[in-house]
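In: quick one, what's the 3D model for this:
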Amino acid sequence: MEDGVAADGKSVLQGRYELGRVLGHGNFGRVHAARDLRTGRGVAVKVVAKDKLERAGMAEQIKREIAVMKMVSHPNIVELHEVMATRSKIYLALELVRGGELFSRIAREGRVREDVARRYFRQLVSAVDFCHGRGVFHRDLKLENLLLDEAGNLKVADFGLSALAGHARSDGLLHTACGTPSYVAPEVLGGKGYDGAKADLWSCGVILYVLLVGSLPFHEDNLMVMYRKMQRGEFLRPPWVSADARKLIGGLLDPNPSTRITVARLVETPWYQKPLPVLPPLNLKEPAPGATPDARRASSDDKLEPEVLNAFHLISLAEGFDLSPLFDQGRGVGRPSAGGVRFVTREAASSVVSRLESLVTGRGANMRVTKSGSRGVRMEAASRGRTGARLAVAAEIFSMAPSVLLVDVKKDGGDTMEYRSFCSEELRPALKDIVWASGEDTPRAA
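Out: Below you'll find the model as predicted:
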C-alpha cells in the first residue's frame, strides 16, 4: 500500500501522507488518520481495495462517489482533498472530521434542545440545498452520515449512494431503491420512480425528528408495517416538541411528494427563522501517542463500557426488521451467517473480551487482535485465505440491561466459508458456556 517509511517508522503514502492510526473499517477497506507532509494538516485517508470493489460490482459506484465529491465543495460537506491510485488500491484523502458521528451523540445523550437541533438542521439543509442546486442527490442521509467537527459544525459524509440528475429516466425520475429503511421516503420503496430532491427532504425530516425526540418516527419490527405507516404519515408527535417544529416535521414527512415542503418554503418557516445558539467547541480527547488500534493488543485491563442497546442499535442489528433473533436466548450462540452471530450473556464485558483473546491466542500466530475499544474487539488472520483475503472478525458488545450483554459477532473481511468454519468449529465451542439461555434465572437490576 505504502511506498515509503518516515524516520519515525510510520508508513508514508506516495511521499505525501504519513499514515497513522486506523479510524475505522468498511466493507472495502479502512480509514487512517494521516498527516499531509506538504502542509502539516491532519487528513483522513480512505483506502479502498479494487479487487473487493470489483467482486461486489461496486467499481462504478466509487467512481461516482469521487466525481460527486469533487462537485460539492461546501462548509458543511466533508471535503475531498485528493484521489490517488495504484494497481490494487484507491486512496481518498479527505477532510479529517474529529468530532465523530451525530448518531453517536444522540445514541449516548438522547434528544437535543430545539435551538441546538435548529443549528444542526440549518447546516444540513444548507448542504443538501447546495447539492440539489448542482444536480446531486445524496439518497442516504441519516445520523450516521452526519459528522461533527471540533467547533461542533455539521458535515455531510458518504456519497456512496448518491445520484446525479442525469441518471434520471425519461420520466425525469430516479428508480433505484436505495438508502436506509428508517430514513428512506415511501415513494422510493414504491417502485414507481421518485424525485431525488424530495426524497432527500423526507430524510431531513426524519433526522430533525430524531434530534428533537430522541427516537425514529418509523421503527416497526416488520418492514411492511413500517412502510404502511410511512405511507399514511403515521408517527407520534410528542408534546415537548414545539408547535412550530411539529408543523415543520409534518411538512417534511408528508407521504405525498407533490405536497411535501420544499427548501424555499422551509427556510421561511417560523421555527427555521429563529436565532441560532453559539455552541462551545467539542471536548475532544486525543489518543495517547503510539496507542494506535492496529498496533496494540486488546487487554483485559482496558476499561470496557459497552454502549446501551437502544432503538437505533435494535434496528441496525435486526435482520429484515425482525427483532426476535436478538432475544431468542434458548438456542445458544446463533448459527453463523454472512450477517453475523449474536448471543446474550451475563458475563462482564472484560470477561467476554478475555475469552475472545484466549481464542485468538490458541490459534498461535495464525490470528491476532488488530483493534480493541470500549465496545469489543476485531480479530484478523495473519495469513491470507483461499480467496487471497485475510479473514477478519469483529465482535461488538452492547448493554441490554444491568448485568445483561448482547454480543454481536460479524465477518469484517475475508471469505464467507472460512468465516462460517471459524464460527462453527472455534467460536461457538469456545463461548457456549457463557451464553445466557432462556430458563435460567432472570437477571435482576443491580
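In: can you list the domain ranges for the chain.
Out: Domain assignment for the chain, taken from automatic domain parsing, gives 4-95, 102-273, 307-434.
In: would you list those in a markdown table and tack on mean pLDDT and mean neighbour count?
Out: Backbone N, C-alpha and C define where each C-beta goes, glycine included. Output for the domains of the chain, formatted as a markdown table (pLDDT from 0 to 100; neighbours: other CB atoms under 10 Å):
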| stretch | mean pLDDT | mean neighbour count |
| --- | --- | --- |
| domain 4-95 | 85 | 16 |
| domain 102-273 | 92 | 18 |
| domain 307-434 | 66 | 17 |
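In: show me the longest helix that occurs in the chain.
Out: Ranked by residue count and defined by DSSP state H, the top helix of the chain is helix 114-133.
In: just checking, what packs against it?
Out: Packing partners of helix 114-133 (3 or more CB pairs under 8 Å, 6 or more residues apart in numbering; DSSP states H and E): strand 154-156, helix 196-213, helix 263-266, helix 270-273.
In: if we use 7 Å, what do you get?
Out: With contacts taken as 3 or more CB pairs under 7 Å, 6 or more residues apart in numbering; DSSP states H and E, helix 114-133 sits against strand 154-156, helix 196-213, helix 263-266.
In: can I get that helix as CSV, trimmed to CA atoms?
Out: In CSV, the C-alpha atoms belonging to helix 114-133 read as follows (Å, rounded to 0.1, in the frame of the first residue of the first chain):
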residue,chain,number,x,y,z
GLU,A,114,-34.6,22.8,19.9
ASP,A,115,-32.1,25.6,19.4
VAL,A,116,-29.3,23.1,19.1
ALA,A,117,-31.4,21.0,16.7
ARG,A,118,-32.1,24.1,14.7
ARG,A,119,-28.4,24.8,14.3
TYR,A,120,-27.6,21.3,13.0
PHE,A,121,-30.7,21.3,10.8
ARG,A,122,-29.9,24.6,9.2
GLN,A,123,-26.4,23.4,8.3
LEU,A,124,-27.9,20.1,7.0
VAL,A,125,-30.4,22.0,4.8
SER,A,126,-27.7,24.4,3.5
ALA,A,127,-25.5,21.4,2.4
VAL,A,128,-28.4,19.5,0.9
ASP,A,129,-29.8,22.5,-1.0
PHE,A,130,-26.3,23.2,-2.3
CYS,A,131,-26.1,19.6,-3.6
HIS,A,132,-29.5,19.8,-5.2
GLY,A,133,-28.5,23.0,-7.0
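In: tell me the first helix or strand C-terminal of that helix.
Out: strand 136-137 (DSSP states H and E).
In: Throw the helices and strands packed on helix 114-133 into CSV and include distance to Ala394, thanks.
Out: Formatted as CSV, these follow (distance: least, CB to CB, whole Å):
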stretch, distance to Ala394
strand 154-156, 25
helix 196-213, 25
helix 263-266, 39
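In: looking at those, which is nearest to Thr345?
Out: helix 196-213 (29.7 Å; CB to CB).
In: using PDB, write out every CA atom in that closest one.
Out: Taking C-alpha atoms only, helix 196-213 is exported to PDB below (Å, rounded to 0.1, in the frame of the first residue of the first chain):
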ATOM      1  CA  GLY A 196     -34.200  12.700  -5.600                       C
ATOM      2  CA  ALA A 197     -34.500  16.200  -4.000                       C
ATOM      3  CA  LYS A 198     -37.900  15.400  -2.500                       C
ATOM      4  CA  ALA A 199     -36.700  12.100  -1.200                       C
ATOM      5  CA  ASP A 200     -33.700  13.800   0.500                       C
ATOM      6  CA  LEU A 201     -36.000  16.200   2.200                       C
ATOM      7  CA  TRP A 202     -38.000  13.400   3.700                       C
ATOM      8  CA  SER A 203     -34.800  12.000   5.100                       C
ATOM      9  CA  CYS A 204     -34.000  15.500   6.500                       C
ATOM     10  CA  GLY A 205     -37.400  15.300   8.300                       C
ATOM     11  CA  VAL A 206     -36.500  12.000   9.900                       C
ATOM     12  CA  ILE A 207     -33.200  13.500  11.100                       C
ATOM     13  CA  LEU A 208     -35.000  16.500  12.500                       C
ATOM     14  CA  TYR A 209     -37.400  14.300  14.300                       C
ATOM     15  CA  VAL A 210     -34.700  12.200  15.900                       C
ATOM     16  CA  LEU A 211     -32.800  15.300  17.000                       C
ATOM     17  CA  LEU A 212     -35.900  16.600  18.800                       C
ATOM     18  CA  VAL A 213     -37.500  13.400  20.000                       C
END
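In: now that helix against helix 114-133, angle please.
Out: Angle of helix 196-213 versus helix 114-133, following axes from the mean of the first three to the mean of the last three CA atoms, to 10 degrees, is 170 degrees.
In: helix 196-213: how far from the chain's middle?
Out: 17 Å (CA atoms, centre = their mean, to the nearest Å).
In: name the helices or strands packed onto the helix or strand just after that helix?
Out: Heading C-terminal from helix 196-213, the first helix or strand you meet, by DSSP H and E, is helix 223-232. Packing partners of helix 223-232 (3+ CB pairs under 7 Å, 6+ apart): helix 186-190.
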